[in-house]
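Q: quick one, fold the following:
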Amino acid sequence: MSDRTKIKRRWWSCSQQTWLSAFSVFTGIALTALAGVMQTDPYRNWYKGAFRPWGLREYMEYYAAFAWLPLWMPTFAAGVSILFFQKRRRRGGGGKRLEKPYEYLLHSKWLPSATVLEIVAFVLITSAALSWLLLPTRRALIRGHWQWDSLRTWSGIAEAFGQGCVPLLAGLLLPADATESVLTFMNVTPERATGYHRWMGSGAFLLSAMHGVGYLPVLWKSHGGWEGLKLMLFSMATCHAKHKCIPAGLFALVVGLTFAFFARYAQRRVNWRRFRVLHVLGAPLFYLGAAAHWQKLIWYLVPGVALYMAKVAARIHQHCYTFQAAVSIGVSQEEERVLLHFKLPWLDAHSHVGQWVGVGSSAGWFPEIHPATLVTAPGGTSRRKKKNPELALVLNRKSTLAKEVLWKNWRKRDLGDVESSSEGSYWTKCELKVKGPYGGIAPLEADVPTLLVAGGSGITPILALLDQEQGLKHRAHRSVCWALRGSHIGCSLLKAMSPHLNDLEGVSTRIYATGESWEDLEKVYTQEDSCGPQLNPTGKLTARFANCFECLPPPPEVTPALFPIAAACGGMILGLYSMNHLEDYFITRQQGWLIPVAGLSIGCLSALFFALFCTLPLHLFPTYSEERYGGERSELLPGHIRSDESSEDLSPDSLLSKTSSVSFQEGRPDLRAIVTNFVSEWKGKKDVLVVVAGPEGLVKSVKSHPSHFRLRDCS
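A: So this is what the prediction gives:
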């Protein structure tokens, strides 16, 4: 490849990210400005008279113009731009996917780390919520003649807190959609998009809690004390017609606060499955309760819910596939956890480094899904360059997937050929449910010296980043610092990752072994342990649709999916046309609170049906093709493992060496000294990059360093 072609590709990649960032910021500013204008007095006076008599048709016209299209149009524009960029890149011989944005953290000792774009988005989101809070508060004070002790003033202020939730709830599901169109519109990766979701969710629940608490003294004073308060909160007296149903609001508040509590980081670390169950069940209950409380909320929820239904359709479609995988099992009778090393069939959706998949047992329809990062970098488009994705997963042996692999596949040995080592490690075939791949991160910059810090299983995205750039002839220095506990799990993880460490060229790696059995790590790496080498599985790894026929791997949930998104939006609108019939039915039965509940449910089901109807035919008919699929045997030999204990680092003035160095050191790494030495060694360079992946404490230790460098968090 000529230098001119390289410069052209690099300029094209930078220009596309610049345009996407500008598009995201411009769209965010426009949406924030629209949200602010909607609460001004001239706008309110205009729209109240322009759309009379406010029947179903007028509601559809108004909210389509001022609530739905402002969120749908950027999403469709981003999806079209994805297809356009892909076409241009294919013409130029480049990759098939858009590059992921580089997300450098502005790290601080005390404040949470965020990128520049996240700070801009945080300001815009906060401004939209404040405009819906402060302007109604001003109107409430004017109506109450600026008397803070007035009942009318307090009622208006409490209502203003509820209105401040509306822009947050309307956009809360956008980061959770995680489709490529939405992520391009936001110009973030799915991992960073969850930050938006947390910000908006925390703000929404805070404002909703203040809305509910603020109304308690108003209801107490206006309805005669405790008896009147009980009547309003625990009876259906306010729920017969199209008024605000107070018990439904109380229900939504309790549900929201409950699963917001279990969504905290500390609770997620304690029990991830409980967090997922409460989140999946609590979110629809909260939305239904909030819509039953204030019926107009349903019109603001339409765009986010419709986009989310397109993702649900893709997830249901992906759930119909069963993967055949090769698995190596590290078994220990002393520990409760076991490490499973999987090799999956080649995935067409594996397009970016750092992607992760959800792996679950194929025994049930709703298995427990375990997330794991793909260790390998994506392969090329030709058959010879395709790579079977690999991942390492640490599980409790009581989990469903671990039980199935350990007891069914290992002891019965009834799925394909099984080969075992002398003791403790086995290769076998198993069947899995695989969700994804999701996410992805930007590759390393070839001309920037980089220190990569990993803790435990955080080595997986680090190895994927290094694996992707192995074909480059010229790149800056790469140094890896890996903290690993010398337990059985640590030894099994090192054994699984050793082939990838040995395949790296020009990378100096230092493994900091902690724990009482730290010496076992070096023995495992030099093949002096008693388990011996791992052996090959035999046969091909395939995927099956509904356990009926071999087929191509499923498409990712993060594709642009323009047709399913359009189908979901159309289905949502068609479902809302049932509102007139629902009003006639429930008002006559004095159950007006059920109108938005039934309307939102019908709209969601309609959107899901149309999205599924559009998704399945697009990907159901392609059958198994060995030329496109791959079909190579799954060779899992660790290869020649060499012992190189030299800790000599590459000189800044020397050319990149093609040999790798792997050394071991006892004890925890002194990250402050490691980062200081690396930055001072390469201080002549314009930029120095530190990439960290691991537990939160490890990230905080690197972030608190005072030296000047760019930081990326790939945890």
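Q: most remote residue from this structure's center?
A: residue 224 (49.0 Å; C-alpha atoms, centre = their mean).
Q: secondary structure class for it?
A: coil (DSSP: H, G, I helix; E, B strand; the rest coil).
Q: sketch out the low-pLDDT regions of the stretch 551-700 of the chain for me.
A: 551-561, 617-660, 684-686 (pLDDT under 70).
Q: one more time with 90
A: 551-566, 577-585, 587-592, 611-700 (pLDDT under 90).
Q: how about the strands in it?
A: 661-666, 689-693 (DSSP state E, counting those that start in this stretch).
Q: note down every partner strand of the first one and its orientation.
A: In the sheet, strand 661-666 lines up against strand 507-514 (parallel) (DSSP bridges).
Q: run through who's touching the strand it pairs with.
A: Residues outside strand 507-514 that contact it (C-beta atoms under 8 Å, 6 or more residues apart in numbering): 466, 477-486, 490, 494, 501, 519, 521-522, 525, 647-650, 660-669. From N, CA and C alone the C-beta is placed, and that goes for glycine too.
Q: quick revisit: and residue 440, which of the strands of the stretch 551-700 of the chain is closest to it?
A: Between residue 440 and the strands of the stretch 551-700 of the chain, the shortest separation by C-beta to C-beta is 14.0 Å, and it involves strand 689-693.
Q: show me what that closest one is packed up against.
A: Here strand 689-693 touches strand 450-455, helix 459-468, helix 696-703, strand 710-713, going by 3 or more C-beta pairs under 8 Å, 6 or more residues apart in numbering; DSSP states H and E.
Q: columns distance to residue 598 on top of those, output as TSV?
A: TSV is the format used below for those (distance: least, C-beta to C-beta, whole Å):
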stretch	distance to residue 598
strand 450-455	50
helix 459-468	45
helix 696-703	43
strand 710-713	44
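Q: put together CSV for these, with mean neighbour count and distance to residue 404 on each row.
A: Putting those into CSV (neighbours: other C-beta atoms under 10 Å; distance: least, C-beta to C-beta, whole Å) gives the following:
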stretch, mean neighbour count, distance to residue 404
strand 450-455, 25, 29
helix 459-468, 25, 23
helix 696-703, 17, 31
strand 710-713, 20, 34
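Q: mind listing what's buried in the strand of greatest length in the chain?
A: Counting residues, the longest strand found in the chain (DSSP state E) is strand 425-439. Residues of strand 425-439 classed as buried: 425-439 (neighbour count, 16 or more other C-beta atoms under 10 Å).
Q: would TSV of the strands of the stretch 551-700 of the chain with mean neighbour count and distance to residue 116 be doable?
A: What follows is these, written out as TSV (neighbours: other C-beta under 10 Å; distance: least, C-beta to C-beta, whole Å):
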stretch	mean neighbour count	distance to residue 116
strand 661-666	18	36
strand 689-693	25	16
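Q: of the helices and strands packed on strand 689-693, which is nearest residue 36?
A: It's strand 710-713; of the helices and strands packed on strand 689-693, that one is closest to residue 36 (C-beta to C-beta) at 32.6 Å.
Q: packing partners for the closest one?
A: Helices and strands touching strand 710-713, by 3+ C-beta pairs under 8 Å, 6+ apart, are strand 689-693, helix 696-703.
Q: tell me the angle the last one makes with strand 450-455.
A: Compare the direction of helix 696-703 with that of strand 450-455 by axes from the mean of the first three to the mean of the last three C-alpha atoms, to 10 degrees and you get 150 degrees.
Q: which residues does helix 696-703 contact?
A: 105, 107-109, 113, 265, 453, 455, 458, 483, 671-672, 675, 690, 692, 711, 713, 715.
Q: wait, what's in contact with residue 267?
A: 261, 274, 275.
Q: and if we set it to 10 Å?
A: Shown in contact with residue 267 (C-beta atoms under 10 Å, 6 or more residues apart in numbering): 259, 261, 274, 275, 278.
Q: list buried residues within those.
A: The buried subset of those - by 16+ other C-beta under 10 Å - is 259, 275, 278.
Q: what number of residues are in the vicinity of the closest residue to the second one other than its chain neighbours?
A: The one in question is residue 275. Using C-beta to C-beta, 6 or more residues apart in numbering and skipping residues adjacent in sequence, the residue nearest residue 275 is residue 268, 4.8 Å away. Residues lying near residue 268 (other C-beta atoms under 10 Å) number 14.
Q: surely residue 268 meets residue 261?
A: No - with contact defined as C-beta atoms under 10 Å, residue 268 does not count as touching residue 261 (11.2 Å).
Q: ok, now which ones touch residue 432?
A: 321-325, 327, 342, 344, 357-362, 367, 401, 404-405, 543.
Q: what subset of these is buried?
A: 321-325, 327, 342, 344, 357-362, 367, 401, 404-405, 543.
Q: of those residues, which belong to helices?
A: Counted as lying in helices by DSSP state H, out of the buried ones among the contacts of residue 432, are residue 401.
Q: among the buried ones among the contacts of residue 432, which are located in strands?
A: 321-325, 327, 342, 357-361, 543.
Q: look over the residues you listed and name the one with the lowest pLDDT score.
A: For these, the model is least confident at residue 543; its pLDDT is 73.
Q: picking up where we left off before, could you give me the average pLDDT of the longest strand of the chain?
A: 76.
Q: which residues does stretch 218-227 contact?
A: For stretch 218-227, using C-beta under 10 Å, 6+ apart, the contacting residues are 151-159, 215, 228-233, 246.
Q: so where's the stretch 401-550 of the chain uncertain?
A: 401-452, 454-480, 482-550.
Q: what about residue 287, helix or strand, and which?
A: Element membership for residue 287, per DSSP states H and E: helix 272-293.
Q: all set, thanks.
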